[in-house]
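Undergrad: my questions concern the predicted model and sequence given below.
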Amino acid sequence: DPRIKVLAYDDCSNVNRKYNEWYTAYPPLHQCDAGVGPGDYFAKTLIQSLPDGYTIGLVPFGVNGAPIDVFRKGVPRPGWTLPPDNHWATGYEWIMSRAQLAQKVGVIRGILFHQGESDTGNSAWVSQVQELVIDLRTDLGIGDVPFLAGEYLYSGCCKAQNSRVQELADAVTNGFMISADGLNGIDQYHFDLAGQREFGKRYGMAMQGALTIP
């Protein structure tokens, strides 16, 4: 759908994308060799409710297996590689650079969040994510835009973390929890294709209810 754009995550010759340039969105939205994630059906669902002339811009930041410390403001990265050349001192600088680039052509309307398996057992996770959201909203000047946080596989490794996802949604102003109930996986971490699509739809429906479109 030409109304759904993605800010390229990396230099990916296999899909003819260059880092930080806009393209009509189709999977993969993240790494060059990735598959379908929830962002795809999130946008396909949300666009159906938007007035004519509106465009969705997806700005992906997913990093495989990354703990929240990779993204926090002022926290040196504990490893993990960030595109395009891994020069970032913190993941927060990387997020800000791409988000501010997106603001040159559009308005940030919300934050989609799905992270936490690597922080299972981290009692400070909720407060750390809450701090990250506050920092992003403040530094980007986007007010209390909707913050959507998704659960993990009910059959997976990290189902115990789901109680913290609900706690997080309650702790963040204008926060929403996206249920993973009934979704299946291909392993202990990842949803299967049908699950990715349904999860994306749930994110999209939640955003439909949360947005105020003039």
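TA: Cool, got the structure. Numbering: from 1, shown residues only.
Undergrad: can you classify residue 75 by secondary structure?
TA: For residue 75, the secondary structure call by DSSP: H, G, I helix; E, B strand; the rest coil comes out as coil.
Undergrad: same question, residue 101
TA: When states are read from three-state DSSP, the local structure at residue 101 comes out as helix.
Undergrad: now swap in residue 149 and tell me
TA: For residue 149, the reduced secondary structure class is strand; criterion used: three-state DSSP.
Undergrad: in this structure, where's the longest helix?
TA: The single longest helix within the chain, with elements called by DSSP state H, is helix 193-210.
Undergrad: what is it packed up against?
TA: For helix 193-210, the helices and strands in contact under the criterion 3 or more CB pairs under 8 Å, 6 or more residues apart in numbering; DSSP states H and E are helix 38-46, strand 147-150, strand 175-178. (Each C-beta comes from the backbone N, C-alpha and C, glycine too.)
Undergrad: now the strands for this protein?
TA: For the chain, the strands identified by DSSP state E occupy 4-7, 22-24, 56-58, 111-113, 147-150, 175-178, in order along the chain.
Undergrad: and the last one, what other elements does it pack with?
TA: Right, strand 175-178. Counting contacts by 3+ CB pairs under 8 Å, 6+ apart, strand 175-178 is packed against strand 147-150, helix 162-171, helix 193-210.
Undergrad: and these as CSV, adding distance to residue 12 and mean neighbour count?
TA: Below are these laid out as CSV (distance: least, CB to CB, whole Å; neighbours: other CB atoms under 10 Å):
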stretch, distance to residue 12, mean neighbour count
strand 147-150, 25, 24
helix 162-171, 30, 18
helix 193-210, 19, 19
